[in-house]
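> Could you look at this predicted model? Sequence included:
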Amino acid sequence: MSSKTSIRTRVNGVVHERQVEARLLLLDFLRSELKLTGTHQGCEIGECGACTVLLNGRSINSCQMFAIQANGAEVTTVEGLTGPAGETHPVQKAFMENFALQCGYCTPGMILSVVDLLGRIPDPTDEQIRKNLSGNVCRCTGYENAVKAVRSLIRRDA
Amino acid sequence: MNRKWIGQSSIRREDLRLVTGQGQYTADVDLPGMLHAAVLRSAHAHARLLSIEASRAREMDGIVEVLTGHEVKGILSMPLVFEAQQQKEADRPCLAVGKVRYVGEPLAIVVAEDPYRAEDALEAIAVSYEPLPAVVDVREALKADAPRLWDEWGDNVAAKSLVSGGDVEAAFRDADIVISSTFREHRHFACPLEGRAVVADYDSARGELTVWCATQGPYRFAQELAAVLGVPDNKVRVIARDVGGAFGAKFLSYPEDFLVPYLARKLCRPLKWVESQTEHFVSARHCRELLTEAEIAAKNDGTILGLRGTIYDDQGAALENVKGRFAAVSSIGPYRIAAQSFTVLGVVTNKVPAGGYRGLGQQSGHWVRESLMDQVAARIGMDPVDIRLRNFIQPHEFPHFPPGAPPYDSGNYPVVLQKGLDAFGYAKWRARRQELRSAGRLVGIGLCCHTEMTGFGPSKMLWSIGIKSGGYVGGRVRVEPSGTVTVFTAMTTQGQGIEVVLAQVCADELGVDLDQVKVVVGDSSECPPSGYQTGGSRGAVSGGTSVLLAARRVMEKAVKIAAHCLEAADEDLLHKDGKISVRGSEDRFMTLAQVARAAYAADNLPRDMEPGLEATCIYDPAGLPISFGAHFAAVEVDPETFKTRVLEYVIAHDCGVVINPANVEGQLIGSLCQVLGGVFSEELIYDENGQLMTTNLMNYPLPRAADMPEKMAIVHAETPSPLNPLGAKGIGEGGTLGAYGALAAAVKDALAPLGYSLDEFPLTSSKLHERVRAIGRA
């Protein structure tokens, strides 16, 4: 019987205390323990970005981290972007308005990557947008509309 | 019929749930008491399976059950759903018995209380193999002394077909020019981001099986499950609400699709199986990989007389031959070529079974012909554009009956080509290429014209080509008592935006607001039947037509009810802008909502009319609408690294009447992106022992946001199809079908100054480097 460790995380503003095995991935903790299935399993080797979440405000691949490593941390998943009454986050809205998704499987991860990008660089160039989106594999759209969606969010001060 | 919604880029229904993480993919399904499965796979490409010992695994903590081939032999075998003209058969148990034929073949399935423990138990299963020599090359597999995958066969040819029409002998006899070439297309595959997954739940009190599966065809799969498991088909329900990309990978059923429901029933507990991506690489169907020897017959004035050749289709350890035949049928394309003959050999090798991927083999057929036409043009000093124009089927020549291919309904190829030429700036690029070449840069331009078979397909036609199912699709339209509308479709959502497209078609036919229409997808019990899966570019065309015809039947009844209530004759009523009014006194009208209320209140209906307001149409297409595309590529190859940059890419396409332009554009750009990967970075590489060397995204790189062409444009024309009331044609595979040929032509053109003349994929930097060095040495 594997031993379990106590962890305490704040996910989307809610504190969770759980007993987990050391080898439980953060991705699986979010999906199976907390039933937050918006974060998706893609490649399991940190290459595709489908599992992207924000950890203490920065984007990470949740398949490359164990849940115990998130002890004491703040995690934001895609569900955490939506408001309490279902209000969509500007990035979610921009994706919808610009047809930036098709099957939606890469979309939560991509949206969080964009949240991270705009938090660091509010006015990215196209090159910066594409470079920062390069951690998220999309097999459906060809990325062009995601780039448009990000462009539409850039606040240009007069 | 109103066209208020058709033609609009209406916002997709599924987007809100997908961007907020509320999608329902199969792996998201969570049931009380659910168990988890893991699959043990063969480590050898070809071996006798001497023994498989699972007792230690069964005793491990948290392990509930372990099945091996012994337990399922004679009980669970894979159905054969595609048959060639000459087809060999063999029993294919869902877990290997006696022999393994590819690395990744399922050997055992473990059921545990949690997925991590299930995986742990795999290591406790002891397998004893007697390795056999593996065969991984189509030509090697055809040799008399080649290792044989199925001992009971005389050879490794699983399937053989002849695709032909017209007088090919005469064509080649009368030719002034005959050019032949060998075309090599490499193995790659659909690789959707969501892998395969199955969840099964058996209700023993009701004898009912519910299965969630990332499948392209819930109805079709439910029928297969019922047959294989021996459960009555009115007690099997398959649900696929959201599918994370399919592109053909989730078209044919897999062993796990039967094993998981079988175990759920046996154990009377829900069971979930989700594959890892590494598993996907060694067990989800591969595709492409055709070796084509082809020749073209032409006159000195550029008229193409005929094509012939042999297609060696490496289909891995599969019985069904799929892509090779689609390649042969695509050889004629948009031209008046009068004769063709291709022999297709489906050859088995010790590799993952081949199946579907966008386009199947169509893109190969188009590439082969376009390249041979370019070679004829070069021989006679004709511009590549001119030889296309010379041979195009003209707009007044439809319907056209190409030899060895289904009839073409309509098209205006010269107009679409011209739009593409203008958007690309063909003359400008020719001049620029000259200029850059003089400066020593390796710049090339390429063109590929193609047709696309869409709206699969008439049931009789599918049966005649060995697809053992009908091609119909069901749509049901129900107006609720308050006037809202529910559409039930047999199609599934896998990214292509089918929900909003069907809502648009329905809203226009009924004259209601788009928001009033709800669309239900992906449920074999709730939704009407479909003979064929969601694929074959049939969603908007066939799915749309089924909904339109069902909505039309609803309107016919609505008019009768309104006529009765308004005390007018049916023929005196007008349906316009959401109102059914009396011609000449439009202030006497009923809205559809009022009609619906009357239909369900039933206090004042016409005599002998049943209450309610709904209709179903099971639409069996009359033919295949044929779309057209002309692709243009300008590339530059780096002379040191041989990495290719796509400088400009233009797609001119015609898919008939467009229902949702944003959807169409999404399909074209998305499929182009896939082809960029397929051409420049993706390759499934096997070593001589049948070990797959590329098993994850690090060594099988998919294209990223930074890899798209520097400049891109899509232009379109709409030549309606006479085959359906929408006038629509499909487009799901259009971007794929022309892009391989255009990029191959452009790179070949770019490297022409170095003496490069090969017709081979992939065009990765290392492969180009290797081939160019070989020219130097020769």
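Yes, it's here.
> What about residue 100, how many residues nearby?
No chain specified, so I'll use chain A. 27 (other C-beta atoms under 10 Å in any protein chain shown). Any C-beta I mention is one placed from the backbone N, CA and C, and that applies to glycine too.
> Wait, chain B was what I had in mind.
Neighbours of residue B:100 (other C-beta under 10 Å): 27.
> do the same with residue B:396
Counted with other C-beta under 10 Å, residue B:396 comes out at 6.
> Surely it is in a strand?
No. Read with DSSP: H, G, I helix; E, B strand; the rest coil, residue B:396 is helix and lies in no strand.
> and the residue of the stretch 351-500 of chain B nearest chain A?
residue B:495 (3.1 Å; C-beta to the nearest C-beta).
> For residue A:143, see how far away that residue is.
From residue B:495 across to residue A:143, the span is 14 Å (C-beta to C-beta, to the nearest Å).
> go on, residue A:25?
Counting by C-beta to C-beta, the gap from residue A:25 to residue A:143 is 27 Å.
> The two - which one has more neighbours?
Ranked by neighbour count (other C-beta under 10 Å), residue A:25 and residue A:143 place residue A:143 first, with 27 against 21.
> Contact partners for that one?
Shown in contact with residue A:143 (C-beta atoms under 8 Å, 6 or more residues apart in numbering or on different chains): A:130, A:133, B:673, B:704-705, B:708.
> run the last query once more with 7 Å
Neighbour list for residue A:143: A:133, B:673, B:705, B:708 [criterion: C-beta atoms under 7 Å, 6 or more residues apart in numbering or on different chains].
> re earlier: my guess is the residue of the stretch 351-500 of chain B closest to chain A meets residue A:103, correct?
Yes. The criterion here is C-beta atoms under 7 Å, and residue B:495 meets it with residue A:103 at 3.1 Å.
> okay, and the common contacts of those two?
Contacts common to residue B:495 and residue A:103, judged by C-beta under 7 Å, 6+ apart, are A:140, B:245.
> need the contact list for residue B:210.
Going by C-beta under 7 Å, 6+ apart, residue B:210 touches B:201, B:237, B:239.
> Run through the bridge partners of it.
Judged by DSSP bridges, the bridge partners of residue B:210 are residue B:201, residue B:237.
> who in the stretch 401-550 of chain B is up against chain A?
B:494-496 (C-beta under 7 Å from any C-beta of the partner chain).
> just the helices in chain A please.
A:26-28, A:90-97, A:107-120, A:126-133, A:144-153 (DSSP state H).
> returning to what we had before: wait, which of the contacts of residue B:210 is closest to chain A?
The shortest approach to chain A among those belongs to residue B:239, at 15.6 Å (C-beta to the nearest C-beta).
> returning to what we had before: mind listing which of the contacts of residue A:143 are in helices?
Counted as lying in helices by DSSP H, out of those, are A:133, B:673.
> Could you dump the helices of chain A into JSON lines with mean pLDDT and mean neighbour count added?
As requested, the helices of chain A are exported to JSON lines (pLDDT from 0 to 100; neighbours: other C-beta atoms under 10 Å in any protein chain shown):
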{"stretch": "helix A:26-28", "mean pLDDT": "98", "mean neighbour count": "24"}
{"stretch": "helix A:90-97", "mean pLDDT": "98", "mean neighbour count": "20"}
{"stretch": "helix A:107-120", "mean pLDDT": "98", "mean neighbour count": "24"}
{"stretch": "helix A:126-133", "mean pLDDT": "97", "mean neighbour count": "17"}
{"stretch": "helix A:144-153", "mean pLDDT": "98", "mean neighbour count": "20"}
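> Could you pull up the residues touching residue B:517?
Residues in contact with residue B:517 (C-beta under 7 Å, 6+ apart) are B:485, B:487, B:503, B:506-507.
> now do residue B:769
Contacts of residue B:769 (C-beta under 7 Å, 6+ apart): residue B:642.
> do the same with the one 3 residues further on
Listed by C-beta under 7 Å, 6+ apart, the contact partners of residue B:772 are B:642, B:751, B:754, B:756.
> about what we covered before: just name the closest of the residues of the stretch 401-550 of chain B next to chain A to residue B:14, please.
residue B:495 (8.7 Å; C-beta to C-beta).
> Residue B:552 touches residue B:509, doesn't it?
Yes. Contact criterion C-beta under 7 Å: residue B:552 and residue B:509 qualify, at 6.0 Å.
> In terms of neighbours, single out the busier of those two.
residue B:509 (24 against 16).
> Is that one part of a helix or strand, or is it coil?
Assignment for residue B:509 (three-state DSSP): helix.
> any idea how far the closest residue to it other than its chain neighbours is from residue B:615?
Excluding the flanking residues, the one nearest residue B:509 by C-beta to C-beta, 6 or more residues apart in numbering or on different chains is residue B:551, at 3.7 Å. According to C-beta to C-beta, residue B:551 stands 8 Å off from residue B:615.
> I'd like the contacts of residue B:772 laid out as JSON lines, including neighbour count and secondary structure.
Shown next, in JSON lines, are these (neighbours: other C-beta atoms under 10 Å in any protein chain shown; DSSP: H, G, I helix; E, B strand; the rest coil):
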{"residue": "B:642", "neighbour count": "21", "secondary structure": "coil"}
{"residue": "B:751", "neighbour count": "24", "secondary structure": "helix"}
{"residue": "B:754", "neighbour count": "15", "secondary structure": "helix"}
{"residue": "B:756", "neighbour count": "19", "secondary structure": "coil"}
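> Take the residues you listed and write them to CSV, including distance to residue B:18.
Converted to CSV, the contacts of residue B:772 look like this (distance: C-beta to C-beta, whole Å):
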residue, distance to residue B:18
B:642, 39
B:751, 42
B:754, 47
B:756, 44
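> does residue B:260 sit in a helix or strand, and which one?
helix B:255-267 (DSSP states H and E).
> just checking, what packs against the next helix-or-strand element following that helix?
The first helix or strand that comes after helix B:255-267 along the chain, using DSSP H and E, is strand B:271-274. For strand B:271-274, the packing partners by 3 or more C-beta pairs under 7 Å, 6 or more residues apart in numbering or on different chains; DSSP states H and E come out as strand B:35-41, strand B:197-203, helix B:255-267.
> ok, residue B:382 touching residue B:302?
Yes. Under the criterion of C-beta under 7 Å, residue B:382 makes contact with residue B:302 at 5.0 Å.
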